[in-house]
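> Turn this into a model:
(chains A and B)
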There are 2 protein chains.
Amino acid sequence: MPPAFDIAEYKERLSNTKDRMNRESIEVLLATDPANMNYLSGYDGKSFYVPQGLILKVDEEEPIWFGRGIDANGARLTTWLSEENIRAYSDDYVQSSTKHPMNFVADILKEKGWVDKTTGVEMDQCYFTARCFMELKKDLPNTVFKATFLVNMVRQIKSENEISYIKRAARILERVMQVAMESIDVGIRQCDAAANICHAQTSGTTEYGGDYPAGPPIVQAGERASTSHLTWTDEKFQRDEIVLLELSGCYKRYHCPMCRTIYLGNPPDKLKRVAETVAEGLDKVLDFIKPGVTCEAVEECWRRAVTGSGVVKKARIGYSFGLAYPPTWGEGTASIRPGDKTILKPNMTFHIIPSIWEKDCSYGLSEAIRVTADGCETLANFPRKLFVK
Amino acid sequence: MPPAFDIAEYKERLSNTKDRMNRESIEVLLATDPANMNYLSGYDGKSFYVPQGLILKVDEEEPIWFGRGIDANGARLTTWLSEENIRAYSDDYVQSSTKHPMNFVADILKEKGWVDKTTGVEMDQCYFTARCFMELKKDLPNTVFKATFLVNMVRQIKSENEISYIKRAARILERVMQVAMESIDVGIRQCDAAANICHAQTSGTTEYGGDYPAGPPIVQAGERASTSHLTWTDEKFQRDEIVLLELSGCYKRYHCPMCRTIYLGNPPDKLKRVAETVAEGLDKVLDFIKPGVTCEAVEECWRRAVTGSGVVKKARIGYSFGLAYPPTWGEGTASIRPGDKTILKPNMTFHIIPSIWEKDCSYGLSEAIRVTADGCETLANFPRKLFVK
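Numbers count the residues shown, from 1 in each chain, chains lettered A, B, ... in the order given. I've put the predicted structure just below:
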């Protein structure tokens, strides 16, 4: 199984990354987000619970992969990197109080003579722990470290190949959502419906097999729908119960997420009103999105659409998504909310999620979209309505 | 859905944690590992991609939950904490370059007057990022921070209730492994077999529904079996191909993991020899384990058993496991390897994993075990052999 894309695509990504390193005056970059590692090298392993990453130098052709010894063959199989750039630490570095993988990384930087370089570190990504940073600082007292998010920023605008992968994830998602709607019913155990969902996510379509999404299915029934991140239980779905879904398809680590809602019975009037308001607000947002507008302007469009309706959305109404590993398919960059001045550009992808999670009335609805040359397109095609059973 | 255990159990855990805080001279503890949050409060949400945690003070009865606004109802539903101890930050703290959830945490500590306390932080757990620590240090210049792992240490010894949950996960795992063995065959797409595995993990048994495991199924076929953490592809299984499996059952976040191997064809003699050696080594290890012996002595027992066989295991042969969230079901504490002087005690649980991942010959075999009063018991019951189809 070679890397998911042609080497030319990885080289292009690397070149864009180095441009940005130059702009940010970063000479050496430690890319430790597993999605960033995959983006630049192809590396695809479930090994991110131990420190691993890529070392990029702005004037070196290839990044250096570092990781645990038992994962090095994984790097050989899934990346385009040459043997000399696969550097594995021995197992006594793993979860030890006396040694740390970042000591190994510091040794590589010393060996290369790169210790006096301004070095970019992904300060706020899961997997770059506080200790990772402390060990680096201790071992490299003369290195200037600079917080950066630059690979995530480069990843915001997708290539045509990436869009085609996201569209495959969208085909998987459509099937997943269909299976969910068929499986959820009064008297069915929540875990059994979730099992069918997981099956559909993993099996994918007859053309494209599914990958494991960065988050488990969100399947929230009854009062559990009053919040945003619970999963299923082994209780049975009840009559007159609302079920909120947030599900994703995943193809070669590219996601396509979606929220929908199903009501098992006759939906209360209030829910019908909220559903209508949210759907109209989402329609207006999708009509509004085009290159050149800012994230905050998109949010303002939403807020104007729902003002006076009683619907109040307390969280951001969207975020950039794409290539990802657990714990989230979000890219951690642009958010659709007040104050975010990111200017939309073609081939940015956003999960527009005006879902409402409240104690007295919840409703889940979202679309994954791509910014096009003159507007946006929804990536998956699934009825945008309150499902009733 | 109330917390998974009686409140008395949480109070007992809290009491053990505070004892350990006293021993480590830690007055305030930030428990940010989602498994530690769950262990002490019951909190169960897939919200750990944003900073969240518990604040424990050694002389306060209840911990304080902090997290994102849209997850607060999740805390209300899944924890035993009182309303005053559920503290949610507004959404502008999320993934922002100007604000950070740890500023909110620092504000709570200031409000409580706990800024001059020795404060324990989980420095090397995913989700406590480098920036989390930097923001705390910036906001609380007079606080002495101390790296700790103390909740994980408390978690090492399981209560009877926890053991019963792990045994439910074991029942799920037995079904999962059976489904895997039935599903994997020449001409079947790897993703379709993985889909059946995911279905079985999630559906669970007729008595106990499954939860999402902390890691996806490891299903490695052919040359991909030469490493430890790859997942499936959408290629079909081939004749004369080896397939390594590392799968877990999960019940209310408690895991039971297991490795097995299946060969599609006539296994080569070398594989048969390696399989025999590893199985014999594992048998000896399981006979050796009992309270009072150290982790390093267990590893030495393994090494002595395989010396001269040609089988060389480069990684640790086991680790403590239990309650967990992505990215790993390991507890990050004791490892079965040279230098680990942890003394085994009853109701510690280990994943003993002498699996071999090499280019020329791989073999996956493991058992999840509980240390008993005078030895150990394997938690799941599944034939300990090389499967051939």
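> ok, residues contacting the strand or helix carrying A:Asn16?
Using DSSP states H and E, A:Asn16 falls within helix A:7-23. Residues outside helix A:7-23 that contact it (CB atoms under 8 Å, 6 or more residues apart in numbering or on different chains): A:3, A:27, A:29, A:39-42, A:56, A:58, A:63, A:80, A:120, A:150-151, A:153-154, A:159, A:161. (Glycine included, C-beta is placed from N, CA and C.)
> now that helix: how far from the chain's centre is it?
21 Å (CA atoms, centre = their mean, to the nearest Å).
> quick one: buried residues of that helix?
Of the residues in helix A:7-23, those buried by neighbour count under the rule 16 or more other CB atoms under 10 Å in any protein chain shown are A:Glu9, A:Tyr10, A:Arg13, A:Leu14, A:Asn16, A:Thr17, A:Lys18, A:Arg20, A:Met21.
> Is it possible to get TSV of the residues you listed that adds pLDDT?
Shown next, in TSV, are these (pLDDT from 0 to 100):
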residue	pLDDT
A:Glu9	97
A:Tyr10	98
A:Arg13	98
A:Leu14	98
A:Asn16	98
A:Thr17	98
A:Lys18	98
A:Arg20	98
A:Met21	98
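> Give me the subset of the contacts of helix A:7-23 lying in helices.
The helices, defined by DSSP state H, take in A:Tyr39, A:Leu40, A:Ser41, A:Leu150, A:Val151, A:Met153, A:Val154, A:Asn161 from the contacts of helix A:7-23.
> for those residues, which one is nearest chain B?
Using CB to the nearest CB, A:Met153 is the member of the ones in helices among the contacts of helix A:7-23 that lies nearest chain B, at 11.3 Å.
> give me the number of residues near that closest one?
Applying other CB atoms under 10 Å in any protein chain shown, we find 19 residues neighbouring A:Met153.
> thought it was touching A:Thr333?
Yes: counting by CB atoms under 8 Å, A:Met153 touches A:Thr333, with 6.0 Å between them.
> give the contact list for A:Leu247.
Taking CB under 8 Å, 6+ apart as the criterion, A:Leu247 is in contact with A:Leu173, A:Val176, A:Met177, A:Ala180, A:Ile197, A:Gln201, A:Pro213, A:Pro217, A:Ile218, A:Pro257, A:Met258, A:Cys259.
> For A:Ser96, which residues are in contact?
A:Ser96 neighbours (CB under 8 Å, 6+ apart): B:Ser335.
> Ok, A:Ile336 next?
A:Cys295, A:Glu296, A:Val298, A:Glu299, A:Trp302, A:Arg316, A:Ile317, A:Gly318, A:Tyr319, A:Phe350, A:Ile352.
> Just say helix, strand or coil for A:Ile242.
Look at A:Ile242: counting by DSSP: H, G, I helix; E, B strand; the rest coil, its state is strand.
> Could you do A:Glu174 as well?
helix.
> list the contacts for the closest residue to A:Ile336 other than its chain neighbours?
Leaving aside its sequence neighbours, A:Ile336 sits nearest to A:Gly318 (CB to CB, 6 or more residues apart in numbering or on different chains; 3.4 Å). Contact analysis of A:Gly318 by CB under 8 Å, 6+ apart lists A:Cys295, A:Val298, A:Ser335, A:Ile336, A:Phe350, A:His351, A:Ile352, A:Ile353.
> Quickly list what A:Trp65 is bridged to.
Per DSSP bridges, the residues bridged to A:Trp65 are A:Leu54, A:Ile86.
> Hmm, it is touching A:Ala75, no?
Yes: counting by CB under 8 Å, A:Trp65 touches A:Ala75, with 4.8 Å between them.
> okay, and the common contacts of the two?
A:Ser41, A:Tyr43, A:Leu81, A:Ile86.
> Now, of the residues you listed, which are buried?
By 16+ other CB under 10 Å, those give A:Ser41, A:Tyr43, A:Leu81, A:Ile86 as buried.
> any idea how far the second one lies from chain B?
So the one you mean is A:Tyr43. 11 Å (CB to the nearest CB, to the nearest Å).
> Now do the contacts for that residue.
With CB under 8 Å, 6+ apart, A:Tyr43 has these contacts: A:Pro34, A:Met37, A:Leu54, A:Trp65, A:Gly74, A:Ala75, A:Thr78, A:Thr79.
> Where does the nearest residue to A:Glu300 once chain neighbours are set aside sit: helix, strand or coil?
The shortest distance from A:Glu300 to any non-neighbouring residue, by CB to CB, 6+ apart, is to A:Pro338 (7.6 Å). Assigned by three-state DSSP, the conformation of A:Pro338 is coil.
> Need the three-state assignment for A:Cys191.
Using three-state DSSP, the secondary structure recorded for A:Cys191 is helix.
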